[in-house]
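Novice: here's my sequence, what's the structure:
(chains A, B and C)
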Amino acid sequence: MTPLASAPGPVIPNFGGGPSSFACERANRLFCSDWVSANWSTVLWPALRQHIVLTLIAVAIGFAISTALALLAYRRRWLERPVLVVTSVLYTIPSLALFELLEPLPGLGLSRTTAEVALVSYTLLILFRNTLTGLREVPDEVRDAAAGMGMGPVQTLVRVELPLALPAIIAGLRIATVTVISLATVAALIDNEGLGVPILTAISNEVFKTELIAAGALAVALALAADGLLVIAQRLLTPWARVAAR
Amino acid sequence: MHNFIQALQFIGRDGQVPGAPPLPTLVHLTLETLKIAALGLGISILIALPVGLWLGHIHRGSFVAINLGNIWRALPSLAVLAIGVAFLGLGLRNVELALVVLAVPPIITNAYVAIDGVERDVVDAARGMGLTGWQILRQVELPLGVPLIFAGMRTAALFVVSTTTIAALTGYSGSLGDIINNETSYHLSGVLGAAICIAVLALAVEFVLAWAQRALTPRGLKVTGSQDVARAIVPVVTESG
Amino acid sequence: MNTTNTAQSEGPESFPQAATLELRHVSKEYPGGRGPAIVDLSLSVGAGEVCVLVGPSGSGKTTALRLINRMIPLTAGDILLGGRSVLDREPTELRREIGYVIQQIGLFPHQTVAENVATVPRLLGWEKPRITARVDELLHLTGLDPDEIGPRYPAQLSGGQRQRVGVARALAADPPLMLMDEPFGAIDPITRGHLQDEFLRLQESVRKTVVFVTHDIDEAIKMGDRIAILREGGRLAQYDTPEKLLTEPADDFVAEFVGADRALKRLGLATLRDIELLVPNGAVPAGRVTRGTTVRDALSQLLAQGGRPLEVIGEQGEVAGIVTLELLGGLLG
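Specialist: Numbering: from 1, shown residues only, chains lettered A, B, ... in the order given. Okay, the predicted model is just below:
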């Protein structure tokens, strides 16, 4: 990435798109709606779409891995500590550093895979801890009753423990998804995909405000939308939690 | 592998590239990064902690406190930084502004939840024994709230360190992120070296804060094991709004 | 004086859905040298009988219960359900044939009442219509309205309602044996009394073999056809009908556990139906009692009224006779 060019005088940046008056852009006002509509399909929408894909893949893989780890740690307590340590370290490494550290590894390089590997690592701590905690918080007497009625361990897990752990799992998914959406902007460095691309482009273009705000706003909107969807999903999947207790 | 060895050599050379004019040393850049992060974190704590603690103590403002936390998480730090730069230009003040914007919400939210969440019975008993509000906060709520309060500060610290390094992408020079932003001058080995330094720095900050938390946690509450580490980094949220 | 146990007179074939249970020299020791939990426990429960395990804490009564459905592994001895050793069966399969009610009930919070009750039938693969019918039947049986309570979640029920659902759930697959571990322990005394009465009524129509654990000797006497008193350390002190326990305690421990007021407790076993009343003698009665009142309660009222006679009212509301302190006192002989 080239650092911000410090130009000697006003430079008319390259805005791309079709011809237009560019008056708004030249003045670098906050938000030029013309630019947005002109560049939606070429710049903003593709970036948004890529961002969504990046996020979905990362969260899906992270969810799969952490659920598997949580189920293992649920049965074998000794696993919990090492998994927590590793995932905590991964979570603590700043995104910029992690992206760069992964890049030279064989098979990775500047690609979507590298970005995904880093993004997945950020989801692991949250998803693992929440899933494990959710499972552990199932009341003992419920487990006892299930065993006493003749449910085997797998049946108890699937029919009783996992459903009851859903609120915690979904809470974890919310945090993980929003975190990934936020971090995926930096992933543009490695992968040249996602909403980070217009943001970084805007920065190097004399800090072009409209593009910056448009992309930034889209990222925030995407995060809020994802969060909202997950909340709805939880309401639908856990009807018993809504019921007022006596 | 080869790359990583070169990276370590780069670190050993304190960030100098052979054949190039003298560059800011790694030590210098690391210290600068720390300074920026510490300043940002310090200001945020000064602003956010009292507010969060007080709101929690009087049990008001939960809507704001909790939702602030939710919205905050959705803000991509890169965007926040860039917008700050866009409006206010480059400069330390503006980077710090962005850092404060990013660090304040988790501190407030966690401080609020920590104090608000102290068992009512305990507070009740304290009041019944004749402690004033201020004494309750200081002697009862605060000590009991240490784990969550620190969780918020550690989360904020993590964000601040991360964002400081990203600041280089927006053109602010003076942190380890500069090296990563400038691959042409530093080459891959330099970038990797800087990345390693950043990672180590972040882990070190985390370590120090964890130690501080352990030192400040009242003995009766001490939780041993990595549960503590992980829980403080990201408190387990099991209820969704 | 207790209602005779028809199971014992009519034999197990009359209660196809009730199995015999036999514990043979059952012992349980926990590894780590905490001492034995159960030592050489042998007893047998007839089909359709209610056997109550009672004792102080540390007497191993809950342990004994959980050995039966193999929630805890046996150290020594054998347990035979319907003549077959429980060790021959696969634990999960065994448990589907045993109704299990625990103190905190353990209803599944994420399922409706109807779904909770249907748990074991579903595990056994019953067809849907049969399950629905059975759930309705059981909710009726336990005094709950299926249309009103069926779709509700456990969080929406009162403690007493939850207990009933717990019992309904245990009965769902019509198991030949029911294990109940202090099922009414967490309920207030008034509701507990109601639930006990209802369970006894239920038992009269449904007639299961039941092993019931409690620490409350009064509950044991009320609920049990036969009572097994366990002492600390898990040894059987006495296994007898309530009547025998009260009149012939085997040793000092049993006598003390049963209570110094065991003579009075005995009187609680009989009602005014079981004794011959006196003809009214013209004295103004101090109050009225029904024929269903226990002798003990009648005695209590007599004492409260200063010893004046009480009028006894029969089923149709007619005066059936009177009782006096002298009459009831004479029964203690």
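
Novice: for C:Arg273, which non-adjacent residue is spatially closest?
Specialist: The shortest distance from C:Arg273 to any residue other than its chain neighbours is 4.8 Å, reached at C:Arg291 (Cβ to Cβ, 6 or more residues apart in numbering or on different chains). Heads up, the C-betas are built off the backbone N, CA and C, glycines and all.

Novice: contacting residues around that neighbour?
Specialist: By Cβ atoms under 8 Å, 6 or more residues apart in numbering or on different chains, the residues touching C:Arg291 are C:271-273, C:312-315, C:320.

Novice: of all those, which comes closest to chain B?
Specialist: Taking Cβ to the nearest Cβ as the measure, chain B sits nearest to C:Thr271 out of the contacts of C:Arg291, at 47.0 Å.

Novice: quick one: the closest one from C:Leu277, how far?
Specialist: 12 Å (Cβ to Cβ, to the nearest Å).

Novice: again, but for A:Gly172
Specialist: Applying Cβ to Cβ, the value for A:Gly172 to C:Leu277 is 72 Å.

Novice: ok, these two, which is more surrounded?
Specialist: The residue with more neighbours, out of A:Gly172 and C:Leu277, is A:Gly172; 31 against 18, by other Cβ atoms under 10 Å in any protein chain shown.

Novice: and the more buried one, what does it touch?
Specialist: Counting by Cβ under 8 Å, 6+ apart, A:Gly172 makes contact with A:126-127, A:129-131, A:134, B:237.

Novice: mind pulling the model confidence for it?
Specialist: The score at A:Gly172 is 90. That number is its pLDDT.

Novice: now do stretch C:203-213: everything it contacts.
Specialist: The contact list for stretch C:203-213 (Cβ under 8 Å, 6+ apart) reads C:7, C:15, C:17-21, C:45-54, C:61-62, C:64-65, C:68, C:99, C:141, C:171, C:175-183, C:220, C:223-224.

Novice: an error on my part: the question was meant for stretch A:55-71.
Specialist: Counting by Cβ under 8 Å, 6+ apart, A:79, A:83, A:87, A:116, A:119-124, A:127-128, A:131-132, A:135, A:157, A:169, A:173, A:176-177, A:180-181, A:184, A:222, A:226 sit against stretch A:55-71.

Novice: show the buried residues in these.
Specialist: Taking 16 or more other Cβ atoms under 10 Å in any protein chain shown as the criterion, what is buried in the contacts of stretch A:55-71 is A:83, A:87, A:116, A:119-124, A:127-128, A:131-132, A:135, A:157, A:169, A:173, A:176-177, A:180-181, A:184, A:222, A:226.

Novice: how about low-confidence regions in chain C?
Specialist: Residue ranges of chain C with pLDDT under 70: C:1-16, C:332-333.

Novice: and the residue of chain C positioned farthest from its centre, which of the three is it?
Specialist: Note on chain C: the largest C-alpha distance from the chain mean falls to C:Gly282, namely 42.3 Å (Cα atoms, centre = their mean). Classification of C:Gly282 by DSSP: H, G, I helix; E, B strand; the rest coil places it in coil.

Novice: with C:Asp78 instead?
Specialist: Under three-state DSSP, C:Asp78 falls in the strand class.

Novice: how about the contacts made by C:Gly306?
Specialist: By Cβ under 8 Å, 6+ apart, the neighbours of C:Gly306 are C:Ala286.

Novice: from C:Asp297, how far off is it?
Specialist: Taken as Cβ to Cβ, the span from C:Gly306 to C:Asp297 is 17 Å.

Novice: who's in contact with the host helix or strand of C:Leu327?
Specialist: For C:Leu327, the host element (DSSP states H and E) is helix C:325-331. Here helix C:325-331 makes contact (Cβ under 8 Å, 6+ apart) with C:267, C:275, C:277-278, C:295, C:298-299, C:302-303, C:307.

Novice: of the contacts of C:Arg291, buried ones?
Specialist: The neighbour-count criterion (16+ other Cβ under 10 Å) marks C:271-273, C:312-313, C:320 among these as buried.

Novice: TSV please, covering those and showing secondary structure.
Specialist: Below are the buried ones among the contacts of C:Arg291 laid out as TSV (three-state DSSP):
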residue	secondary structure
C:Thr271	strand
C:Leu272	helix
C:Arg273	helix
C:Val312	strand
C:Ile313	strand
C:Ala320	strand
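
Novice: name the nearest of those residues relative to B:Asn94.
Specialist: Nearest to B:Asn94 among the buried ones among the contacts of C:Arg291, counting by Cβ to Cβ, is C:Thr271 at 89.6 Å.

Novice: first-to-last residue distance for stretch C:225-237?
Specialist: From its first residue to its last, stretch C:225-237 covers 17 Å (Cα to Cα, to the nearest Å).

Novice: also stretch C:238-256?
Specialist: Terminal residues of stretch C:238-256 are spaced 13 Å apart (Cα to Cα).

Novice: repeat for stretch A:41-50
Specialist: 13 Å.

Novice: what's the PyMOL line that selects buried ones from the contacts of helix C:325-331?
Specialist: Selection of buried members from the contacts of helix C:325-331 for PyMOL, criterion 16+ other Cβ under 10 Å:
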select buried, chain C and resi 267+275+277+295+298+299+302
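
Novice: so which of the contacts of helix C:325-331 sit within helices?
Specialist: Counting by DSSP state H, the contacts of helix C:325-331 place C:267, C:295, C:298-299, C:302-303 in helices.

Novice: what about residue 209, how many neighbours?
Specialist: With no chain named, the answer covers chain A. The burial count for A:Lys209: 20, using other Cβ under 10 Å.

Novice: that's the other chain; I wanted chain C
Specialist: 28.

Novice: kindly state the beta-bridge partners for it.
Specialist: As for beta bridges, C:Thr209 partners with C:Leu177 under DSSP bridges.

Novice: residue 93 - nearest residue in space that isn't next to it in sequence?
Specialist: Let's take chain A. A:Ile93's closest residue in space is B:Ala199 (Cβ to Cβ, 6+ apart), at 4.4 Å.

Novice: look at chain C instead
Specialist: Nearest residue to C:Glu93, sequence neighbours excluded (Cβ to Cβ, 6+ apart): A:Gly150, at 6.8 Å.

Novice: can you put the ones in helices among the contacts of helix C:325-331 in a markdown table and add distance to chain B?
Specialist: Compiled in a markdown table, these are given as follows (distance: Cβ to the nearest Cβ, whole Å):
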| residue | distance to chain B |
| --- | --- |
| C:Leu267 | 45 |
| C:Val295 | 47 |
| C:Ala298 | 46 |
| C:Leu299 | 45 |
| C:Leu302 | 47 |
| C:Leu303 | 44 |
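
Novice: the residues you listed into JSON lines, with extra columns for distance to A:Leu69?
Specialist: Output for those, formatted as JSON lines (distance: Cβ to Cβ, whole Å):
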{"residue": "C:Leu267", "distance to A:Leu69": "64"}
{"residue": "C:Val295", "distance to A:Leu69": "66"}
{"residue": "C:Ala298", "distance to A:Leu69": "68"}
{"residue": "C:Leu299", "distance to A:Leu69": "68"}
{"residue": "C:Leu302", "distance to A:Leu69": "72"}
{"residue": "C:Leu303", "distance to A:Leu69": "69"}
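
Novice: fine by me, thanks again.
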